Every structure is written in structure tokens, then in C-alpha cells.
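> Here is my input; please provide its structure:
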Amino acid sequence: MDKVIEQFELTLERLKTYLPEKKRPFYKSIQIDEIRGALVYGLRGVGKTTFLIDKITSSKKNFLYFSADHPLISSLPLYDIVSAIFKKGYDGVVIDEIHHANKWSEHVKAIYDDYPNKTVWISDSSNLILKKSVADLSRRFVQFRIPLMSFREYIFLTQDILIDPTDPFDMDRSVLIKLKDMNILKLFADYINGGIRPIFTEGEYCSRLKGLLEKSIYYDIPFYVSSIQDNHLRVMSAIIGHLINAPIPTISVSNMCNEWDLGKEKLYSLLYVMERSELINIVRKPGKFTYTKGAKIFLSDPSIYSCFKGNLGSAREAFVVMCLKEKYEVFACKYEKECDFVVNGIKIEVGGRSKKSKDADFVVSDEIDFPVRNKIPLWMLGLLY
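Below you'll find the model as predicted:
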């Protein structure tokens with residue numbers, strides 16, 4: 001066990017050395033410092049590990065970090081590992097990829113209860129892990145979600161200009177003045193095509209994104225859903241492939257069931273798993289709580305459309321949904337002839353430069369750099385958080 005802990009210490013020192021100089025502004029909104037039990041989750045590649053390493057580096061407490069998928073500990077009980085770490089004098093422990101540990105929820109609960117003066121932070125790639133945990137774990141651990149990166153954050157990381165979160169429907173003109181010297185459309189194109197996850201700093205964005213996507217489906221989901229079969233994983237991959245290119249952001253339930261020899265209930269359950277895993281966003285009509293006809297389905301990460309040369313219209317709407325859902329509840333418009341979405345009572349239509357407003361209050365337009373009357377540039381929604 002001493003050798004294992006020594007390896008963890010070495011790994012942590014390496015990770016500290018490779019922390020980026022500039023970090024996501026969103027991290028500052030996560031008030032985790034005084035929390036004894038915390039669960040940090042979010043899609044792969046959004047920067048959870050960077051956030052946690054940065055936090056423990058600046059903390060007054062003495063933390064040790066390790067990942068539960070480390071081969072050195074595959075046969076060791078999680079409780080025994082953490083107990084040994086605390087006996088070494090550490091004040092807290094950060095456990096990444098927690099779902100890899102055998103009976104992790106039982107062990108984490110016992111650790112939390114048996115060491116009331118110690119801090120336990122855990123992280124994973126999906127809030128589905130709470131569904132697999134013991135019933136009262138969620139009462140002990142405060143949950144913190146890290147979303148996909150906003151355009152506001154991308155501007156900071158690439159241009160070193162930090163803008164306050166801004167409501168695009170009530171725009172402060174001083175924000176436009178602050179950005180006036182930028183080629184904002186070029187910068188936004190770089191972001192939405194290959195910068196929605198901070199992995200863009202490492203290069204080969206699309207290759208990395210494809211790997212993360214496959215890992216989420218074939219590597220993570222089987223941990224969370226015990227009854228999942230290989231055929232179901234292929235169905236989920238097929239749903240993503242369909243949505244990338246579909247001119248209408250939805251699927252035909254009957255066609256999909258016939259093609260894959262699935263019952264409707266099973267398909268609905270797979271859509272639920274994909275939504276809870278944040279692979280997709282399902283935008284329902286008002287008053288609807290399950291997937292129903294008329295609901296729109298988008299990939300949660302709009303850059304996937306770009307990387308796979310997908311449908312531009314769906315990519316635009318996917319970006320609108322990604323941004324707005326961080327602040328509001330988003331609905332598909334009850335009558336499609338009126339608008340695309342309803343957000344906080346506001347009707348929104350989404351499209352290109354020449355898009356007509358229909359009966360919408362605002363048109364969110366790609367390819368324009370400044371707001372004109374009720375037309376809002378698509379990039380402005382990226383300043384919401």
C-alpha cells in the first residue's frame with residue numbers, strides 16, 4: 001500500500017506541473033472549498049480533472065488525488081486505500097473516475113461516515129452514477145456539474161479578454177464595444193467547429209472528440225446500465241449518426257425499432273440513458289415530460305456536427321439549446337409555424353442571415369456580427385455563462 005500511495009503522490013506532482021496557466025472562468029463559480037463531500041461530474045473532456053487538481057493545489061488542506069481506474073488498485077478495496085491515505089496524514093482525498101471502483105458507493109459512504117474530519121471529493125463523467133449509488137449517498141455529497149465550455153470562456157482562453165456573463169435578449173452595448181476589434185465571426189467559427197471542450201489546446205480536436213464520444217457510449221454507459229447489451233450500444237451509436245446528418249432533429253421511433261428489432265419501451269429507455277449521460281438534449285413541447293412526437297433531439301456538443309460534416313441547421317439549434325439550457329428551461333415551440341423554441345416566455349427562431357422571424361420575438365442568426373432590431377447574432381448566446 002505504501003508503494004501505491006507513493007505512486008499517487010508522484011502522479012499528482014506530474015499533474016500539478018502540467019496545469020494550464022489559464023483555466024476556465026466557470027471554475028470560479030464552483031464553491032467547493034468548504035464542502036466535505038462533493039461529487040463533480042460532466043462530460044469527458046470538459047476539464048473536471050484540471051479543476052480538481054487546481055483546487056487541491058491552492059487548498060490549505062493536504063489532499064491526495066488518484067483515479068479509480070489505475071491498474072495498481074484494481075484488486076484493492078477502495079475503503080482500504082483511502083484509510084491508508086488518511087493514516088499517512090492527508091486531510092482529504094480526490095477520487096477521479098469513481099465508477100471504476102468495485103462497490104464504490106458503499107465504500108464512499110463508509111469513508112465519509114467513518115472519517116468525519118476528512119474531505120472526500122469524487123468525480124465522474126455522468127450524473128447517472130447517482131442512479132447506481134446507495135439511496136442516501138446523494139444526501140451526503142453536494143453535486144457540482146461542469147458544462148461544456150461557453151464562447152465567453154473560449155474568448156478568455158484565446159484572447160485573454162474576460163467578459164461578464166451577458167443576457168443576449170437584454171444586451172449591454174458595452175460588451176460589443178469591448179469586442180469591437182475582434183474578428184468575432186472567425187473566432188466563433190473556430191470555437192463552434194473545434195473549441196467547445198478545452199481539449200482544443202492539445203490539438204487534433206476532432207480525433208480526440210471522436211474518441212471521447214466512443215468512450216462515453218462503449219466504455220461508460222455499460223457501467224451505469226447493468227442490463228445493457230452490445231446491440232443497444234450500437235443503437236445509441238446509430239442514433240448519434242442519424243442526428244448528425246438529419247435535416248429534421250428527431251428520429252422515427254417506429255423505423256428505428258424495426259431496423260434494430262427493438263421494442264418502443266427499450267428505445268425510449270436508451271434515449272433516457274443518452275439524455276442523462278448528456279450525450280443528447282431532448283427538447284420537449286410544453287407540458288410534455290417524456291419523449292413524444294414533436295420533441296427535438298440534438299447532440300449535446302454542437303462541435304460534433306462540424307467534426308463529422310453534419311447538418312448546419314441542426315448544429316445551430318444544438319448550440320442555442322446548449323447555451324440556453326444552462327440558464328433556462330427550453331421548450332420546442334407548440335406550433336412550428338410560429339417559432340423554433342420558447343424560453344422564459346420568449347419565442348425564438350433560429351437560422352442564417354436571411355432567416356425570417358415568423359411569429360417569434362427574436363431571431364437568432366448565424367453569420368451576423370451585431371444585433372439588428374430583433375435579430376441576435378448566434379455567437380451572443382455563448383456569453384450566457
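> alpha carbons only for contacts and neighbour counts from here, please
OK.
> Show me the shaky parts of the stretch 51-200 of the chain.
130-136 (pLDDT under 70).
> Helix or strand: which one has the spatially closest residue to Val342 that is not a sequence neighbour?
Distances taken as Cα to Cα, 6 or more residues apart in numbering place Phe331 nearest to Val342, at 5.2 Å, with adjacent residues excluded. Using DSSP states H and E, Phe331 sits within strand 330-332.
> Assumed Ile348 was part of a strand.
Yes - applying DSSP: H, G, I helix; E, B strand; the rest coil, one finds Ile348 inside a strand.
> wait, what's in contact with Val40?
Under the criterion of Cα atoms under 8 Å, 6 or more residues apart in numbering, the contact list for Val40 reads 48, 121-124, 143-146.
> Direction included, what does the helix or strand containing it pair up with?
Using DSSP H and E, the element containing Val40 is strand 37-41. If you go by DSSP bridges, strand 37-41 pairs up with strand 119-124 (parallel), strand 142-145 (parallel).
> Do you know the pLDDT at Ile368?
Reading off the confidence values, Ile368 has pLDDT 92.
> So what does it look like in phi/psi?
phi -120, psi 150 (degrees, to the nearest 10).
> what separates Cys307 from Leu76, distance-wise?
Separation of Cys307 from Leu76 (Cα to Cα, to the nearest Å) stands at 40 Å.
> quick revisit: so of the strands paired with strand 37-41, which one's packed in deepest?
strand 119-124 (a mean of 24; mean count of other Cα atoms under 10 Å).
> quick revisit: out of Cys307 and Leu76, which sits in the busier spot?
Cys307 (17 against 13; other Cα atoms under 10 Å).
> Look up how far Ala360 lies from the more buried one.
Cys307 is 31 Å from Ala360, by Cα to Cα.
> in a helix, that's where Lys337 is, yeah?
No - according to three-state DSSP, Lys337 belongs to no helix; its state is coil.
> count of residues packed around the residue nearest to it when sequence neighbours are not counted?
Distance criterion Cα to Cα, 6+ apart; nearest residue to Lys337, sequence neighbours excluded, is Lys358 at 6.9 Å. Residues contacting Lys358 under the criterion other Cα under 10 Å number 16.
> Going by secondary structure, Lys358 is in what exactly?
Per DSSP H and E, there is no helix or strand for Lys358.
> what about Ile35, which SS state?
coil.
> So what does it have for phi and psi?
According to degrees, to the nearest 10, Ile35 has phi -90, psi 130.
> Need the pLDDT of it.
96.
> what's near enough to touch it?
119, 142.
> can you pull out the strands in the stretch 251-385 of the chain?
280-283, 296-299, 330-332, 341-343, 346-351, 362-365, 375-377 (DSSP state E, counting those that start in this stretch).
> out of those, nearest to Gly211?
strand 296-299 (15.6 Å; Cα to Cα).
> Relative to that closest one, what are the paired strands and their orientations?
strand 280-283 (antiparallel).
> related to what we said a few turns ago, what is the orientation angle of the helix or strand following the strand holding Val40 with strand 119-124?
With elements assigned by DSSP H and E, the helix or strand that comes after strand 37-41 is helix 48-58. Counting by axes from the mean of the first three to the mean of the last three Cα atoms, to 10 degrees, helix 48-58 lies at 160 degrees to strand 119-124.
> Output the contacting helices and strands for helix 48-58.
Contacts defined by 3 or more Cα pairs under 8 Å, 6 or more residues apart in numbering; DSSP states H and E place helix 48-58 against helix 2-17.
> is it fair to say Tyr112 lies in a strand?
No - assigned with three-state DSSP, Tyr112 falls outside any strand and is helix.
> ok, for it, nearest residue in space, not its chain neighbours?
Using Cα to Cα, 6+ apart, the nearest residue to Tyr112 is Val120, at 6.8 Å.
> The one you found contacts Asp96, doesn't it?
No - here Val120 does not reach Asp96: they are 11.0 Å apart, not a contact under Cα atoms under 8 Å.
> Quick one: the strands of the stretch 251-385 of the chain as CSV, columns for distance to Pro249 and mean neighbour count too.
As requested, the strands of the stretch 251-385 of the chain are exported to CSV (distance: least, Cα to Cα, whole Å; neighbours: other Cα atoms under 10 Å):
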stretch, distance to Pro249, mean neighbour count
strand 280-283, 10, 24
strand 296-299, 5, 26
strand 330-332, 11, 22
strand 341-343, 13, 21
strand 346-351, 13, 21
strand 362-365, 17, 25
strand 375-377, 22, 23
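> quick one, what contacts Leu271?
Met236.
> need the contact list for Tyr218.
Leu233.
> actually Tyr305, sorry about that
Contacts of Tyr305 (Cα under 8 Å, 6+ apart): 244-245, 311-312, 315.
> 10 Å instead, please
192-193, 240-241, 243-245, 298-299, 311-316, 318 (Cα atoms under 10 Å, 6 or more residues apart in numbering).
> what do you get for Lys215?
Per Cα under 10 Å, 6+ apart, neighbours of Lys215: 44, 209, 221.
> Good, wrapping up.
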